[in-house]
Each structure stands twice: as structure tokens, then as C-alpha cells.
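> please work out how this folds:
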Amino acid sequence: MAQSPAHRLGQIIGEELERAIHKPLQEIAEEFGLYLDYKHPRPARGGKRKVAWTDSRGNVHDLDYVLEEGGSEESLGRPRAFIESAWCRYTKHSRNKAQEIQGAIAPLSETYHDCHPFLGAVLAGVFTDGSLAQFRSHKFNLVYCQYDTIVQAFASEGVDVATDERTSEGDLQRKVDALDRLTEAQRERIAEEIRRLHADQFDQFFYELRTCLNRMIEHVFVLTLSGLSRQLASIEDAVRFVEEHDEAAPASEFVRYELNIRYTNGDEIRGSFREKAKAIDFLRSFARSV
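Residues are numbered from 1 along each chain as shown. The predicted structure is shown next:
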């Protein structure tokens, strides 16, 4: 089935958005000794092009970029950052686009919580305040390139990508043809112009990414809990139990380990384990991620 020119136009703009962040991400990967995964044939995934990660429920999610610790072309590493990019032309699609990205990254963030990965989204086009707030409420770091500035970036190389719902199929196809004629050098200059027009946002985004990657463990709290638990019917009953509890009484059977790891950037990760071996495995997993 032939691809519509409107879809192809959006695809090309999306590819240019990915190009705008590829070079800075590669530089950060080299700075921190990480592997940057992106859409390309990679032996570690059987030569497939798509960047795909599986969550704890077995669902596979396609991504644009992942920074990996210990990764290489031949082996998968531990994820330190999940980053998506998206183009959206009309507000009526922006919330669905936001939910699509969150639906991919949020389950992976939970699955790899011990890595506490950076969550990033680079957006372009038209997104509502509500969709942007939705991203931020899920702890995403954002760059938002507004529609007019994207049009301006492409115009710097003589291509008009402005459209609305009245733009004819013929006009859309002519825009696509003009984009397809761009050289690699022109595409790179457009990517640079996108970064230049939103320099403050990109600078802040990459600053937050570096802060996350540069974090160190500040301290680890280990609390061993002993004593029988009580399930009480009301606040009053709970208050009465605490008031009557004899703290000087000999401790009874061991209950669990409560663990709290705090990083220099304020991140905190907590774990609760009954079994010693699982508590140790939990702690050792963080020794590998710093």
C-alpha cells in the first residue's frame, strides 16, 4: 500500500528531529563511557534495526535512543537513559502521542528501576499544555520545539514544510519531493538549526541528562525490622497499640529488611525484602549501576 504524502512528510520531519539529538547523545555516551543505541542493524538483537526493549510483563516497546552501561554492538547493557522523539502537527493528536510515548517508556522505567534511568522526550510541532503537563507528571525531561520554529529550520535550506488541513495532496507531495532531494550536508545543517533555535531547552535537557548519569550514591540506609505485625481496624486502635507497645521488650522474630538508597542528585530507591539473599542481590545491583 502506497504511503500518503502527509504521512511521509511527518516521517521525514521526525527523522530530522532524531538527527538533531543524535550527535549530542553520541558525545555524551563517549563522555561517560556508555553505548548509544539507535535505529541500525545491531548484532546484539540479531541484526534487527529497531531499538526494542522488553518490560517485566513481556511486552516489547520500540524506542528511538537508549544509553546503555556495558553495552556494545554485540551485547546488551543496562539502560541508563530512555529517550523518545515525536512530531505532531495537530493538537487533536497530541494527547494520544503523549500517551503512546509514556506507554512505551513508563513500563521500562519500572522494569529497570534499579538503574533509575533518565526519561527524555524531544517533541516538535503542536502539543497542548495538557499533554506537556502529562509528560512532566511522569518525570520526563522535555524539549519542545514549536511548529513555527520547525518550519523556520527547514526554510533555512529552502524547503517549505508548512501545512494545514487544507493543503492538497499535490502540494504535500511536492514538499516531500523537495525533502527527498536534500543532501546529507543540508539535513545536518537543518538539525543544527533546530538545536540553535531551541538552544536553551537543549542545553537544559542535556544538563539534566549529565546530572543523572553523573550521580553517585550518597548513602544507604539499612533497617532490620523485628516483631509481629498487627492489622488494626482504625486509627484509634493503631494509636492505642503504639501507646501500649513496650519498646524495651526483647525483640521477637525477624520480619524484613528495609533498604533506602539515596543519590547525590536527590533520587531515592527503596526496597523491602524478607530474604537476606534477595536484599543482598538488590544492593549489589546498584554497585553495578554507579
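> quick check: longest helix of this protein.
helix 5-32 (DSSP state H).
> for that helix, what is the average pLDDT?
Average pLDDT, helix 5-32: 96.
> packing partners of that helix?
Counting contacts by 3 or more CB pairs under 8 Å, 6 or more residues apart in numbering; DSSP states H and E, helix 5-32 packs against strand 35-37, strand 65-69, strand 78-88, strand 118-125, helix 147-155, helix 169-180, helix 184-197, helix 199-213. The C-beta positions use only the backbone N, C-alpha and C, and glycine is treated the same way.
> any idea how far whichever helix or strand comes after the longest one is from the chain center?
Pointing back at helix 199-213 there. Per DSSP states H and E, the first helix or strand lying C-terminal to helix 199-213 is strand 217-226. Here strand 217-226 shows a centroid-to-chain-centroid distance of 28 Å under the convention CA atoms, centre = their mean, to the nearest Å.
> what pairs with strand 217-226, and is each one parallel or antiparallel?
Neighbouring strands of strand 217-226 in its sheet, by DSSP bridges, are strand 254-263 (antiparallel).
> buried residues, the partner strand. List them.
256, 257, 259, 261, 263 (16 or more other CB atoms under 10 Å).
> what residue is smack in the middle of the protein?
Centroid-nearest residue in the chain, with CA atoms, centre = their mean: residue 119, separated by 2.6 Å.
> ok, it - contacts?
Contacts for residue 119 (CB atoms under 8 Å, 6 or more residues apart in numbering) come out as 81, 82, 83, 105, 109, 138, 139, 140, 141.
> how many other residues sit next to the fourth one?
Burial of residue 105 is recorded as 25 neighbouring residues (other CB atoms under 10 Å).
> specify the beta-bridge partners of the residue lying closest to it once chain neighbours are set aside.
Spatially, and ignoring its direct neighbours in sequence, residue 105 is nearest to residue 82 (4.9 Å; CB to CB, 6 or more residues apart in numbering). Under DSSP bridges, the beta-bridge partners of residue 82 are residue 66, residue 119.
> residue 82 and residue 119, how far apart?
Here the criterion is CB to CB, to the nearest Å. By it, residue 82 lies 6 Å from residue 119.
> mutual contacts of those two, please.
Shared contacts of residue 82 and residue 119 (CB under 8 Å, 6+ apart): 105, 109.
> check the contacts of residue 119 and tell me the two furthest apart.
The span of those, defined through CB to CB, is set by 81 and 138 at 15.1 Å.
> which of the two has more neighbours?
Set residue 81 next to residue 138 and count neighbours by other CB under 10 Å: residue 81 wins out with 24 against 15.
> where does pLDDT dip in the stretch 101-250 of the chain?
Counting by pLDDT under 70, the stretch 101-250 of the chain has low-confidence residues at 227-230, 232, 235, 247-250.
> thinking again about what came up before, now tabulate the buried residues of strand 254-263 in JSON lines and tack on pLDDT.
Conversion of the buried residues of strand 254-263 to JSON lines gives the following (pLDDT from 0 to 100):
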{"residue": "256", "pLDDT": "84"}
{"residue": "257", "pLDDT": "82"}
{"residue": "259", "pLDDT": "84"}
{"residue": "261", "pLDDT": "83"}
{"residue": "263", "pLDDT": "82"}
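> out of those, who's nearest residue 11?
Nearest to residue 11 among the buried residues of strand 254-263: residue 263, at 38.3 Å, using CB to CB.
> got the contact list for the closest one?
116, 215, 216, 217, 218.
> and what of residue 186?
residue 157.
> gap between it and residue 154?
10 Å.
> flag every buried residue along the longest helix of the chain.
Neighbour counts over helix 5-32 (16+ other CB under 10 Å) mark 5-6, 8-10, 12-22, 25, 28-29 as buried.
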